[in-house]
Every structure is written in structure tokens, then in C-alpha cells.
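Take a look and give me a structure for this.
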Amino acid sequence: MTDRIEVFTHSSIRIKGNSATIYIDPFKIREEFRDADYIFITHSHYDHFSIEDILKVATNDTILVVPESMIDDAKEIERKVKEIAAVRPGTAVDIEGLSVEAIPAYNNIKPFHPRRAEWVGYILTVDGKRIYIAGDTGLTKESKIVKCDIALVPIGGTYTMDAKKAADLINTIKPEVAIPTHYGSVVGKPHDADTFAGLVKEPVQVVTKIQYFD
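Just a heads-up that it's a prediction; the model follows:
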């Protein structure tokens, strides 16, 4: 499954399942892909909710999924997609056959992602695998009880977990594979991935996926 997961840069992710192509937080997309069946947005910051980049991957048949607190923001592009679906933290829904769980994503102490904003990460069940895309979050009580096969977690620090706390999370939830995100461009350094990998305990496999850092 991991060979069908791409991280273009930062937290810009594409998952190519057997029956759907899914984007999460498209950002600095270099090509006009226009192949998205679903686009998931974790929160409203510019490096996660980029209308310019959404339009590079969306089609008239795309379903755009956003936190309920972002529904007014999403309406700006409602005519460019088939449908806008909204989710609340802590809920699970089926969106046209795709199983989706919205996991609260917030900072414990830092002010950048307050819990009251009701932003999210997602667990998507794709081809039988539970894939956790954590979004911009700290090491929270909700993240520590996630059950998943593959976890994409931020490691860059400043606005999210740093490499050590991200490794602590992975060592707690023990997915089969951990993929670091949110480092090397807006925040964090490319070598943060090495720090993260060195702290993650076996048998979890760390796979680095970021294709470019600008």
C-alpha cells in the first residue's frame, strides 16, 4: 500500500487506491493532475487549504471533505467540485463508500491550532488498510489511541509535534508503517526525518516519501 502513497511536499499527500484517488491538503502542486475523487482538508491554514492547489487536482466529480468549522471557507469553490462534505472531530462517516474517521487535531500548549477550532486529522480505510493522516497536531490523548496500519505524522516542530514527540506517538500506536510529513519546507529540516527514524522502534517501518522541499 505504501507504494501508492505520495507526499509531494510538506503535508501534501496523494493516495491512489484501487477505486479512488485521494488527496489530503494539496499544496505547491507542480502539475495539473485533475484526478481527485476525494480531497480532504485538515484545517484552514494556507499551507493546508490552498484553493490554487485544490483546483489543480479537482474535477467536477470530486468530493471535497472539510472540518465542519471550515464549511464557509469551502463554499468559495463549491461550483468547482461535485459536493462538499463536512465532518466533526470524533465522528465516523461513510462518504460514498469511503470509510472516514475524523480525529481531533490540535496543540496542547502552543496557540497555533487551538482545540476550539475543531480541526481534524483523518483515518481513511483504503483497500482494507487504515491510514491515519494526523494533520497539524501535537501529541494528544486522541492521537495516542488511534488504531491504524499506516500513519502519516508531522515531525517539523514549531506548529506541530517535533521528531521526538512524533516518534513517541508512533511507538505508542504501533502502525505497520510510519511516514513523516510537515518538515523540510515551511518548517523543519530535511534531516528531521533521520532523527525521527532513529527514534522509532522496531517492528515499525519508517518510510520517507517527500518528493521535494521547496
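
Tell me the pLDDT of the most centrally placed residue in the chain.
The centre of the chain sits closest to residue 133, judged by Cα atoms, centre = their mean, with a distance of 3.7 Å. Looking at residue 133, its pLDDT reads 98.

does it have beta-bridge partners, and which?
Counting by DSSP bridges, residue 133 forms beta bridges with residue 122, residue 152.

all strands for this structure, in order.
5-7, 13-16, 21-24, 38-40, 63-67, 83-87, 92-95, 98-104, 120-126, 129-133, 150-154, 177-181, 205-206 (DSSP state E).

Tabulate the ones you listed in JSON lines, adding columns for distance to residue 113.
In this view, the C-beta of every residue, glycine as well, is placed from N, C-alpha and C. Shown next, in JSON lines, are these (distance: least, Cβ to Cβ, whole Å):
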{"stretch": "strand 5-7", "distance to residue 113": "20"}
{"stretch": "strand 13-16", "distance to residue 113": "18"}
{"stretch": "strand 21-24", "distance to residue 113": "16"}
{"stretch": "strand 38-40", "distance to residue 113": "16"}
{"stretch": "strand 63-67", "distance to residue 113": "11"}
{"stretch": "strand 83-87", "distance to residue 113": "16"}
{"stretch": "strand 92-95", "distance to residue 113": "22"}
{"stretch": "strand 98-104", "distance to residue 113": "10"}
{"stretch": "strand 120-126", "distance to residue 113": "10"}
{"stretch": "strand 129-133", "distance to residue 113": "15"}
{"stretch": "strand 150-154", "distance to residue 113": "10"}
{"stretch": "strand 177-181", "distance to residue 113": "15"}
{"stretch": "strand 205-206", "distance to residue 113": "24"}
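
The top helix by length along the chain - contacts with which helices or strands?
Ranked by residue count, the top helix of the chain under DSSP state H comes out as helix 163-173. Packing contacts for helix 163-173, counted by 3 or more Cβ pairs under 8 Å, 6 or more residues apart in numbering; DSSP states H and E, involve strand 150-154, strand 177-181, helix 192-199.

what's in contact with the longest one?
In this structure, residues lying in contact with helix 192-199 by Cβ atoms under 8 Å, 6 or more residues apart in numbering are 155-157, 162-164, 166-168, 171, 178, 180, 183-184, 206, 208, 210.

what do you get if the cut-off is 7 Å, keeping everything else the same?
For helix 192-199, the external contacting residues (Cβ atoms under 7 Å, 6 or more residues apart in numbering) are 155-156, 163-164, 166-167, 180, 183, 206, 208.

Stretch 76-83 too?
Here stretch 76-83 has contacts from 51, 54-55, 58, 60-64, 84, using Cβ under 7 Å, 6+ apart.

can you check stretch 97-113 too?
20, 38, 42-43, 65, 87-93, 114-115, 119-125, 134-138, 140, 142-143, 146, 159.

Can you turn the buried subset of these into a selection I can paste into ChimeraX?
The ChimeraX selection below is limited to those of the contacts of stretch 97-113 classed as buried (16 or more other Cβ atoms under 10 Å):
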select :20,38,42,43,65,87,89,119,120,121,122,123,124,125,134,135,136,137,138,140,142,143,146,159
